[in-house]
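> model this:
(chains A and B)
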Amino acid sequence: NAGVMQNPRHLVRRRGQEARLRCSPMKGHSHVYWYRQLPEEGLKFMVYLQKENIIDESGMPKERFSAEFPKEGPSILRIQQVVRGDSAAYFCASSPRDGANEKLFFGSGTQLSVL
Amino acid sequence: DAKTTQPPSMDCAEGRAANLPCNHSTISGNEYVYWYRQIHSQGPQYIIHGLKNNETNEMASLIITEDRKSSTLILPHATLRDTAVYYCIVRVDRGSQGNLIFGKGTKLSVKP
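Residues are numbered from 1 along each chain as shown, chains lettered A, B, ... in the order given. This is a model prediction of the structure:
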């Protein structure tokens, strides 16, 4: 049973380009969470999605950032017109169900570097 | 969500037990205590979680005080590979808003 898969592992973009980060949850998991970790800082929650629905996007910047989790395929975190401050590690997690007694399993992350 | 307080750093000798404390004095009755760790730049790794009772698994033990205002994560025989940042998180069951909120954690250094 493969774990949470994130790709690419490393992504380099120039300022103004778009970044697309992909997350395939564990098999049977329909809940996906995205977190961002800036250099030397802790993990910050960004967005929580179930299949085809955004449940909580309270941690996501209002502009340039969007997330989706389509019926088929991976969840995508999209950053438009990237700036140097977007350079960070982006982690995805998944769980099989909702609820505080459900563990979240994390992927290895995507390291985004903006030149 | 209830906030947690952890020491910023701790040292432990290899082979000894590592006891990591966490205060969560404002925890509510429906909030779980979770422990995750992050080994340098890797994704967070689940360790253990509990509600009221003490819990044990192959990685660690979780001791929760009777009033639930604090807990201790115990790594029974620490190894160098246990060097990591350990996060204590309380998580409320709010239906569709059950995400984990990470604090600053405790940086555990296991020394030979």
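
> which parts of chain A sit against chain B?
A:4, A:33, A:35, A:42-45, A:48, A:50, A:55-56, A:89, A:91, A:93, A:98-109, A:111 (CB under 8 Å from any CB of the partner chain). For every residue, glycine as well, the C-beta is placed using N, CA and C.

> buried subset of the residues you listed?
Buried residues within the residues of chain A next to chain B, defined by neighbour count using 16 or more other CB atoms under 10 Å in any protein chain shown: A:4, A:33, A:35, A:43, A:45, A:48, A:55-56, A:89, A:91, A:93, A:98, A:100, A:102, A:104-109, A:111.

> Now, those that are in helices?
In helices, judged by DSSP state H, none of these are found.

> For A:R13, list each beta-bridge partner.
As for beta bridges, A:R13 partners with A:V114 under DSSP bridges.

> Where in chain B is the helix or strand with the lowest mean pLDDT?
strand B:84-92 (a mean of 91; mean pLDDT, DSSP states H and E).

> residue boundaries of the strands in chain A?
Along chain A, the segments classed as strands by DSSP state E run A:5-7, A:10-13, A:19-24, A:31-37, A:43-50, A:53-56, A:65-68, A:75-79, A:88-95, A:105-106, A:110-114.

> Tell me which other helices or strands the last one touches.
Right, the one you point to is strand A:110-114. Contact partners of strand A:110-114 among helices and strands, from 3 or more CB pairs under 8 Å, 6 or more residues apart in numbering or on different chains; DSSP states H and E: strand A:10-13, strand A:19-24, strand A:88-95.

> which of the ones you listed is buried the deepest?
Mean neighbour count, computed with mean count of other CB atoms under 10 Å in any protein chain shown, is highest for strand A:88-95 among these, reaching a mean of 24.

> Quick one: distance of that one to the chain centre.
Offset of strand A:88-95 from its chain centre (CA atoms, centre = their mean, to the nearest Å): 5 Å.

> Over to stretch B:101-112?
Chain-centre distance of stretch B:101-112: 9 Å, with CA atoms, centre = their mean.

> mind checking the end-to-end distance for it?
The first and final residues of stretch B:101-112 sit 32 Å from each other (CA to CA, to the nearest Å).

> what's the closest non-adjacent residue to the residue sitting furthest away from the middle of chain A?
Distance from the C-alpha centroid of chain A peaks at A:N101, with 21.7 Å (CA atoms, centre = their mean). Leaving out its chain neighbours, the residue that sits closest to A:N101 by CB to CB, 6 or more residues apart in numbering or on different chains is B:Y32, at 6.3 Å.

> Same check on B:L73?
Nearest to B:L73 is B:L20, by CB to CB, 6+ apart, at 4.4 Å.

> next structured bit after the one helix or strand B:W35 maps to?
Applying DSSP states H and E as the criterion places B:W35 in strand B:31-38. Note on strand B:31-38: by DSSP H and E, the next helix or strand toward the C-terminus is strand B:45-50.

> Which neighbours in the sheet does that following strand have, and how are they oriented?
Counting by DSSP bridges, strand B:45-50 is paired with strand B:31-38 (antiparallel).

> Could you pull up the mean pLDDT of the strand it pairs with?
In this model, strand B:31-38 carries a mean pLDDT of 94.
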